[in-house]
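*Asks:* Next come a sequence and a model predicted from it.
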Amino acid sequence: MKVASNLMVEIPTLHYDDYITKARSVLRDDVFRELYIVDERNRLAGYLDISDVLRVMDTKSNVTIKGFVREAARVAPNTPLAEVGLAILNARTNSAAVVNEDGTFQGGVLFSELFPVLISRRDIPGRVEAAMSREPVTCAPDDSIHRIYSLIVASGFTAFPVVQKKETIGIISRRDLLRAGSVRTSVKNQADTTVERVMTTPVITVTPDDTIATASRLMVDHDISILPVVDERKRLVGVIDRHDVLAGRTA
């Protein structure tokens, strides 16, 4: 039986007195969506994610990460992978910290690497319609970036489908905002930069009648965490993400 240590990877750690700009740099340039905070004895203190670093717009800032640290999903090195998945699901995070009995940080298990393992273990029953979230918040291609920025920071949502004339034409995520170098300046100055300039296209979608297994495979094959759900007329009717799939397996 595989356990947390089998999928554990090295994740950069920060300390309370590190600047938020340092966290932003790591999250922008690497694959991680969350970073862990440790004390002077390398014991886990918490985590922060992309939404947290987006709250600080200045390129140079003396704001430290201390005010952004939250309780992390944590597991032991010998925790079975199914239980690691539950820890991530319950915390609504994209990783789980692996710690020893004394709380010493060892590394992390990324949801993006755990997800393919969990869905490969047995058939996933059901249709997308049963697992998707309905009435998602959307945006238009000509919406301003600072509106979406505010939505992501205030709501905690990680991505929004981009809809034009009732058809889903793209998706914009926290990472899109983080990696677009001009976004912070646009937001700070309330400039007219639009969603269309930053969104990801083409967008991969599923229908309510597709199986959850099909949606899961698309997430793995394209390394994406969320899929818009569209009807036969290409109109958006919902979204489904990795957490929705995993929640269905544990119900």
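*Replies:* Yes, it's here.
*Asks:* from here on, contacts and neighbour counts on C-alpha atoms
*Replies:* Will do.
*Asks:* contacts for the helix or strand where Asn6 lies?
*Replies:* Using DSSP states H and E, Asn6 sits within helix 4-7. Applying CA atoms under 8 Å, 6 or more residues apart in numbering, the contact partners of helix 4-7 are 75-81, 84, 98, 109-110, 113-114.
*Asks:* at 7 Å instead, please
*Replies:* With contact meaning CA atoms under 7 Å, 6 or more residues apart in numbering, helix 4-7 is reached by 77-81, 84, 109.
*Asks:* Sitting in strands, which of these do you find?
*Replies:* Val109 (DSSP state E).
*Asks:* Now flag whichever of the contacts of helix 4-7 is closest to Pro161.
*Replies:* Ranked by distance to Pro161 (CA to CA), the contacts of helix 4-7 are led by Val109 at 27.6 Å.
*Asks:* Look up how far Pro77 lies from the nearest residue to the closest one once chain neighbours are set aside.
*Replies:* Excluding its sequence neighbours, the residue lying closest to Val109 (CA to CA, 6 or more residues apart in numbering) is Met8, at 4.8 Å. Between Met8 and Pro77 the computed distance is 8 Å (CA to CA, to the nearest Å).
*Asks:* Please enumerate the strands of the stretch 51-200 of the chain.
*Replies:* 74-75, 95-99, 105-110, 133-134, 159-164, 167-173 (DSSP state E, counting those that start in this stretch).
*Asks:* Compile the contacts of helix 4-7 into TSV and extend it with columns for neighbour count.
*Replies:* Shown next, in TSV, are the contacts of helix 4-7 (neighbours: other CA atoms under 10 Å):
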residue	neighbour count
Pro77	21
Asn78	16
Thr79	15
Pro80	16
Leu81	22
Val84	27
Val109	26
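*Asks:* so which of the contacts of helix 4-7 would you say is closest to Leu48?
*Replies:* Using CA to CA, the contacts of helix 4-7 come closest to Leu48 at Val109, 15.3 Å.
*Asks:* Can you tell me how far that closest one is from Ala76?
*Replies:* For Val109, the distance to Ala76 equals 11 Å [CA to CA].
*Asks:* and if you look at Ile88?
*Replies:* With distances taken as CA to CA, Ile88 is found 13 Å from Ala76.
*Asks:* These two: which has the busier surroundings?
*Replies:* Between Ile88 and Ala76, counted using other CA atoms under 10 Å, the more crowded position is Ile88 (23 against 19).
*Asks:* Contacts only, for that one.
*Replies:* For Ile88, the contact set (CA under 7 Å, 6+ apart) comprises 73, 94-96.
*Asks:* One more pass at 6 Å, please.
*Replies:* Under the criterion of CA atoms under 6 Å, 6 or more residues apart in numbering, the neighbours of Ile88 are Ala96.
*Asks:* cool, the one 10 residues further on as well?
*Replies:* Taking CA under 6 Å, 6+ apart, we find Val98 in contact with 74-77, 106-108.
*Asks:* By neighbour count, which of the residues you listed wins?
*Replies:* The residue in these with the most neighbours, by other CA under 10 Å, is Gly108 (26 neighbours).
*Asks:* Name the nearest residue to that one, sequence neighbours excluded.
*Replies:* Closest to Gly108 by CA to CA, 6+ apart is Ala97, at 4.4 Å.
*Asks:* between the strands of the stretch 51-200 of the chain, which one is nearest to Ala140?
*Replies:* Proximity to Ala140 (CA to CA) singles out strand 159-164 among those, at 5.2 Å.
*Asks:* If you count contacts, what does that closest one end up packed against?
*Replies:* strand 167-173 (3 or more CA pairs under 6 Å, 6 or more residues apart in numbering; DSSP states H and E).
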